[in-house]
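Engineer: give me a model of this one.
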Amino acid sequence: MKHLILSVAVAAALNIPPALAAGCSAQSPAYRIALLELYTSEGCSSCPPADQYVSGLRADGITAQQAVVLSEHVDYWNYIGWKDPFSSKTFTDRQRWLSDLAGSRTIYTPEIFVGGKEQRGWPRGVADAVKRTNGLAAQADIGIALDAAGAGGLAVSVTAKSAREGKLFVALVESGVASQVKAGENSGRLLRHDFVVREWLAPVPLVSGGAVVSRTLALPAGAAAGKLGISAFVQTDKGEVLQALVLPVCGG
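Structural biologist: Numbering: from 1, shown residues only. The predicted structure follows:
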C-alpha cells in the first residue's frame, strides 16, 4: 500500500489533529477513544440543534484523539414528507439495538450515545462521558491504512485485535455536507451536517482474536477527499465499545 503524508490543511478540514493524521495509516493508542453517536434525521424539526452541537464538538475541545464522532441518519421520519438522503434502515436498527440493550422501548431523535450508553439531557454530561472513557485502558487494538483517493475509489484496510469477543465496524464518514430540505418539518431550511456516515460496512466478528476488513470503496458523488474519513470501532454484543479510531482520507 502506498503511504502518503497528509497535509495540515487536510487534517484541519476533517477536524483531526496532525498528531493523529501523521500519514495514511493510524494505530489506536493504549487508552480508549470514545465512540460518540448522534441519531438524527432531516425530517425531524428538533434535530438541527443536535446536528449543530455535534459539528461544534471539535471547536469545543473534544478532539479526534478523544472521540470518534458518527452522525447516523435514521429512516423512520421519511414518511412525513421528506426522505432524508443520508438515512438508512441500518441506523434505525442499530439505534433500536442500543435502546433494547438499555431496556428502553422507545427510540427517538435526536439521541446521543457515548460508548453505547445513552446521554440524555445533552450536552450536559457528554464531555464527562468522553473523559471517563479516555481514562479506561483500551480493550482492542485497531489499525487503519488507506491509499490516496482516486477515480477508482478508496482502498481501505482495517485490522483489529482483542482478547475479548466482539465485532469490527467500519464506516466512511463525510463532513461539510449540506441539504436543501423541500418538504416535511424542516421544509425550506438549508441543513448542514458533519461526521455523516455515508457507507456502513457489515460488521466482521473477531475470530481467534482478530478481524480484517479490506475493501475498495466508491466515494460519494461530489465529495472532496479532504472532507472524508474512515472510522472504525470494536464493540461487544452487550454494547461495550472496546476501542475506536478515525483516519482522514489521503490526498484529493
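Engineer: any idea what residue 204 is bridged to?
Structural biologist: residue 168 (DSSP bridges).
Engineer: could you do the one 10 residues further on as well?
Structural biologist: Taking DSSP bridges as the rule, residue 214 bridges to residue 157.
Engineer: residue contacts, it?
Structural biologist: Neighbour list for residue 214: 156-158 [criterion: C-beta atoms under 8 Å, 6 or more residues apart in numbering]. In this view, the C-beta of every residue, glycine as well, is placed from N, C-alpha and C.
Engineer: between those residues, which is closest to residue 124?
Structural biologist: residue 158 (33.4 Å; C-beta to C-beta).
Engineer: tell me the contacts of the closest one?
Structural biologist: 142-145, 168, 170, 212-214, 230, 232.
Engineer: measure it to residue 231 for me?
Structural biologist: 10 Å (C-beta to C-beta, to the nearest Å).
Engineer: give me the phi and psi angles of residue 53.
Structural biologist: Per-residue torsions, residue 53: phi -60, psi -50 (degrees, to the nearest 10).
Engineer: now it. Nearest residue, chain neighbours left out?
Structural biologist: Nearest residue to residue 53, sequence neighbours excluded (C-beta to C-beta, 6 or more residues apart in numbering): residue 123, at 5.9 Å.
Engineer: so that neighbour sits against residue 56, correct?
Structural biologist: No: under the criterion of C-beta atoms under 8 Å, residue 123 makes no contact with residue 56, lying 9.5 Å away.
Engineer: what is the burial count for residue 149?
Structural biologist: 20 (other C-beta atoms under 10 Å).
Engineer: wait, isn't it in contact with residue 230?
Structural biologist: No: the pair residue 149 / residue 230 is not scored as a contact, 10.7 Å apart, by C-beta under 8 Å.
Engineer: and for these two, which residues touch both?
Structural biologist: Jointly contacting residue 149 and residue 230 under the rule C-beta under 8 Å, 6+ apart are residue 249.
Engineer: of the contacts of residue 214, which is the nearest to residue 184?
Structural biologist: Residue 184 lies nearest to residue 156 out of the contacts of residue 214, by C-beta to C-beta, at 33.9 Å.
Engineer: quick one: the residue nearest to residue 53 from residue 104, how far?
Structural biologist: According to C-beta to C-beta, residue 123 and residue 104 sit 20 Å apart.
Engineer: need the nearest residue in space to residue 52, chain neighbours excluded.
Structural biologist: Spatial nearest neighbour of residue 52, excluding adjacent residues (C-beta to C-beta, 6+ apart): residue 192 at 7.9 Å.
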